[in-house]
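[1] no FASTA, just this:
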């Protein structure tokens, strides 16, 4: 289904470039949630994430004729989003892991107050461990685990070589494991 979505994206892009500009809303509808999520992971503020999402889609719209189809549209769009976010982060000097947002979405499912308290403590511990990682590691971990991007897609998005990405993910997992084992 992902391949079908990628094919449909490329078809829609070609139609937009050919003059059917109103079809851009289909691309926005398909990808805005993921772009907004990336914005939340970087800025942790709904208003900033919303502004970021609009900026990313505006940049994508203006650059659509340069999309060559060598990668999936989502990869190309995430590269625009990542570069936009990094530029803004460098300006603001802040970054927050998407893991923080995903941990908040875990449903309680009628758990006892004790289980909810334990889950909260675990969440805070993992968040603190992720916050201690170098930014380049956190970015690779976020894209790999929380955005389900392949190493090749992360290379396209970040500009880091694939072996560097693999190393960053491996080292981040090792650091996280070590930090969390110390707490046992």
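    Received, thanks. This one's a predicted model, so the numbers in the text were calculated from it and none came from an experiment.

[2] could you check how far residue 9 is from residue 132?
    Residue 9 sits 37 Å away from residue 132, going by C-beta to C-beta, to the nearest Å. Where you see a C-beta, it was placed from the backbone N, CA and C, and this is true even at glycine.

[3] could you look up the SS state of residue 168?
    Recorded secondary structure, residue 168: helix (DSSP: H, G, I helix; E, B strand; the rest coil).

[4] that one: neighbour count?
    Counted with other C-beta atoms under 10 Å, the neighbours of residue 168 add up to 22.

[5] ok, for it, nearest residue in space, not its chain neighbours?
    Spatial nearest neighbour of residue 168, chain neighbours left out: residue 140 (4.1 Å); criterion: C-beta to C-beta, 6 or more residues apart in numbering.

[6] what is the neighbour count of the one you found?
    27.

[7] i'd like the first residue to be 59 from this point on
    Will do, 59 is the new start, and the previous item becomes residue 198.

[8] so which bits of stretch 92-105 are buried?
    92-101 (16 or more other C-beta atoms under 10 Å).

[9] next: stretch 198-216.
    So for stretch 198-216, counting by 16+ other C-beta under 10 Å, buried means 198-205, 207, 209, 211-216.

[10] residue contacts, the residue most central in space within the chain?
    By C-alpha atoms, centre = their mean, the chain has its centre lying nearest to residue 96, at 4.1 Å. Residues near residue 96 by C-beta atoms under 8 Å, 6 or more residues apart in numbering: 110, 136, 139-140, 143, 156, 205.

[11] got phi/psi on it?
    Dihedral angles of residue 96 (phi, psi; degrees, to the nearest 10) stand at phi -60, psi -40.

[12] what does the one 4 residues further on give?
    Main-chain dihedrals, residue 100, degrees, to the nearest 10: phi -90, psi -40.

[13] that one - nearest residue in space that isn't next to it in sequence?
    Leaving aside its sequence neighbours, residue 100 is closest to residue 143 (4.3 Å, by C-beta to C-beta, 6+ apart).
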